[in-house]
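Chemist: my questions are about this predicted structure, shown below with the sequence.
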Amino acid sequence: MKVCKFGGTSLASAEQFRKVANIVLADDERKIVVVSAPGKRNKPDTKVTDLLIAYADATLGGADGEDVRQSILSRFAEIVDDLGLPREELDTIASILTARSAGDRSHRERYTDSIKALGEEFSARLLAAYMRKEGHDFIYVDPKDAGLVLSDEPGNAQVLPESYERLRPLRDSASRIIFPGFYGYAKNGNLVAFPRGGSDITGAILAAAVQADVYENFTDVDNVFAADPRVVERPAAIHEMTYAEMRELSYAGFSVLHDEALQPAFNAKIPVHIRNTNNPESRGTLISLERHNQELPVVGVAGSTDFCAIFLSKYLMNREKGFGRRLLQIIEDAGLSYEHMPSGIDHVSVILKESTFTPDVEERVLNRIREELQPDKLLVRRGIALIMIVGDGMTQQIGIAKRATGALADSSVNLEMINQGASENSIMFGIRKDDLNKAIVALHNVFFHE
Ligand SMILES: Nc1ncnc2c1ncn2[C@@H]1O[C@H](COP(=O)(O)OP(=O)(O)O)[C@@H](O)[C@H]1O
Ligand SMILES: N[C@@H](CC(=O)OP(=O)(O)O)C(=O)O
């Protein structure tokens, strides 16, 4: 049995819905279909999820949000009409939207989750209706009825382990299933959404719960590329990679698959196959425990901005017991989580998401560090990008770091930090954020075009 997930670009219009239907119907093993909200039809277009968030913001601000409500409904009206579905389908969508927007607005994030999840719900309802209209036995399944239980963290939920047991019976459903991605329910009954891009996570959870043979993730590219195709011209195609490699690359900036989608698939040992809705014949990329082609030392280069670093140095820091613990306690007390912590004998850097390190948080954290740790030097560097080269076993090969640093130097990218870490499958470089794209191109070209 296969679980397949179709992303927003795969469901952006009625034409895309038809492609999805054809792909699903081409293989009887495709029993569970997870869908995202309609995405962009073209570059300047807006994703339905973003329209729903704008609608939530408007209504929270006291406006009626009628313009944006009309934009949302017109996206679905176009799909309903072009698919030849009865207009009652649209009436149902409009009344669900109205009822939701009349819900409790006292908690901003909760209310926003309840609205932004509707894109997935409407996609799933319409795809199920279309399949039935075409004479096929498909049902829409609600995540609450199915038992997808999540932590009560609006916009940032995580699956609770009991979900797997609860979702297992979906395997035996007589009808094929259309399931909305991106959200579930907390134990207290609140609707909660995963982080953005989270329909990938829903698909992986379902694949693990029903022990699927494969989790097919349909998107709009023929395969995963060695670097973001929006940054590098003609990037190398990668047809195989391991979970560990993809996890690092997704974390570091490959938006093609959500990084938190890999864990459920990895735990249940279910291969993930990235495929193209617009070109289902293409080979795609298979992500599994091992790759057959061991020749490639590096499988990808990814990077992203929004980082900053707190840099501390203190003579004999290495002999001061509990220094790291106390530093991290200060970070934790400020409600921050840290991304990396490269260190030397007398110095340490703590890398944080820059958007979480606001000026007032910075002031509080630095004051405590000065008072409690008395560093010789303390400074904050903002505007950092992290870039990673990834490949299993790569760090055992001589010369990889040299080629990478050489390529960066040749492109006049200044290196602020290097961290090989313990994972042995990646090397991370800290650079100025304005250099990010230049650095991705340089690293891609040195490993894939030379
Ligand atoms: N290394 C990469 N390989 C392939 N695609 C990538 C990579 N990095 C970024 N992308 C982008 O990810 C996009 C697909 O992800 P996303 O927009 O989330 O799709 P979906 O709507 O199917 O969920 C591609 O269109 C591509 O621009
Ligand atoms: N629609 C949600 C969830 C998602 O996964 O979408 P997509 O498959 O288009 O990345 C979002 O935009 O975040």
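Modeler: Cool, the structure landed. Ligands and ions are numbered 1, 2, ... in the order given.
Chemist: pull the number of nearby residues for R166.
Modeler: The number of residues packed near R166 is 14, by other CB atoms under 10 Å. C-beta here means a position set from N, CA and C on the backbone, and glycine is covered the same way.
Chemist: how about the secondary structure of it?
Modeler: The three-state label given to R166 by DSSP: H, G, I helix; E, B strand; the rest coil is helix.
Chemist: can you tell me the closest non-neighbouring residue to it?
Modeler: G147 (2.9 Å; CB to CB, 6 or more residues apart in numbering).
Chemist: list the contacts of the one you found.
Modeler: Applying CB atoms under 8 Å, 6 or more residues apart in numbering, we find G147 in contact with E162, S163, R166, L167.
Chemist: might you name the residue of this protein sitting closest to ligand 1?
Modeler: G7 (2.0 Å; CB to the nearest ligand atom).
Chemist: any regions of this protein where pLDDT drops low?
Modeler: 421-422, 450 (pLDDT under 70).
Chemist: repeat the analysis, applying 50 as the threshold.
Modeler: Along the chain, no part satisfies pLDDT under 50.
Chemist: contact distance from ligand 1 - what residues of it qualify?
Modeler: Residues of the chain lying close to ligand 1 by CB under 6 Å from any ligand atom are 7-10, 36, 39, 197, 219-221, 224-225, 227-230, 254-256.
Chemist: how about the stretch 201-350 of the chain: which residue is closest to ligand 2?
Modeler: H258 (6.9 Å).
Chemist: okay, now the residue nearest to that residue when sequence neighbours are not counted: neighbour count?
Modeler: Nearest residue to H258, sequence neighbours excluded (CB to CB, 6+ apart): D200, at 4.0 Å. The number of residues packed near D200 is 28, by other CB under 10 Å.
Chemist: check contacts around D200.
Modeler: Contacts of D200 by CB under 8 Å, 6+ apart are K5, G7, G181, N217, L257, H258, A261.
Chemist: and those residues, which two are furthest apart?
Modeler: Spatially, the most separated pair among these is G181 and L257, at 12.8 Å (CB to CB).
Chemist: which one of these two has more residues nearby?
Modeler: G181 (32 against 27).
Chemist: pretty sure that one is touching T202, no?
Modeler: Yes: under the criterion of CB atoms under 8 Å, G181 makes contact with T202 at 3.9 Å.
Chemist: who touches both of the two?
Modeler: Shared contacts of G181 and T202, counting by CB under 8 Å, 6+ apart, come down to K5, V34.
Chemist: who wins for neighbours among the contacts of D200?
Modeler: Of all these, G181 has the most neighbours under the rule other CB under 10 Å, reaching 32 neighbours.
Chemist: how about the contacts made by the residue of the chain found nearest ligand 2?
Modeler: Of all residues in the chain, G8 sits closest to ligand 2, at 2.6 Å by CB to the nearest ligand atom. Residues in contact with G8 (CB under 8 Å, 6+ apart) are S36, A37, P38, G39, K40, K47, V48, T49, S199.
Chemist: 7 Å - rerun?
Modeler: Taking CB atoms under 7 Å, 6 or more residues apart in numbering, we find G8 in contact with S36, A37, P38, G39, K47.
Chemist: backbone phi and psi for the nearest residue to G391 once chain neighbours are set aside, please?
Modeler: Distance criterion CB to CB, 6+ apart; nearest residue to G391, sequence neighbours excluded, is V298 at 4.2 Å. Main-chain dihedrals, V298, degrees, to the nearest 10: phi -120, psi 130.
Chemist: give the contact list for L386.
Modeler: A252, G303, S304, F307, M428, G430.
Chemist: strand partners (parallel or antiparallel) of the strand or helix carrying it?
Modeler: If you go by DSSP states H and E, L386 is part of strand 377-390. Note on strand 377-390: by DSSP bridges, its sheet partners are strand 300-313 (antiparallel), strand 426-432 (antiparallel).
Chemist: export stretch 318-329 as PDB, just CAs?
Modeler: The C-alpha trace of stretch 318-329 is given here as PDB (Å, rounded to 0.1, in the frame of the first residue of the first chain):
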ATOM      1  CA  ASN A 318      38.000  25.000  29.500                       C
ATOM      2  CA  ARG A 319      38.800  24.600  33.200                       C
ATOM      3  CA  GLU A 320      35.700  26.300  34.500                       C
ATOM      4  CA  LYS A 321      33.300  23.500  35.400                       C
ATOM      5  CA  GLY A 322      29.600  24.100  34.400                       C
ATOM      6  CA  PHE A 323      30.400  27.100  32.100                       C
ATOM      7  CA  GLY A 324      28.500  25.700  29.200                       C
ATOM      8  CA  ARG A 325      25.600  24.600  31.400                       C
ATOM      9  CA  ARG A 326      25.200  28.000  32.900                       C
ATOM     10  CA  LEU A 327      25.400  29.700  29.500                       C
ATOM     11  CA  LEU A 328      22.700  27.400  28.100                       C
ATOM     12  CA  GLN A 329      20.600  27.900  31.200                       C
END
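Chemist: distance of the residue nearest the centre of the chain from Q329?
Modeler: In the chain, the centroid-proximal residue (CA atoms, centre = their mean) is H258; its distance is 2.6 Å. From H258 across to Q329, the span is 30 Å (CB to CB, to the nearest Å).
Chemist: just the helices in the stretch 251-400 of the chain please.
Modeler: Using DSSP state H, counting those that start in this stretch, the helices assigned to the stretch 251-400 of the chain run over residues 262-267, 323-333, 359-373, 400-410.
Chemist: compare these and give me the one nearest R234.
Modeler: Nearest to R234 among the helices of the stretch 251-400 of the chain is helix 400-410; the distance by CB to CB comes to 17.3 Å.
Chemist: can you pull the buried residues of the closest one?
Modeler: Buried residues in helix 400-410, counting neighbours by 16 or more other CB atoms under 10 Å, are found at I400, A401, R403, A404, T405, A407, L408.
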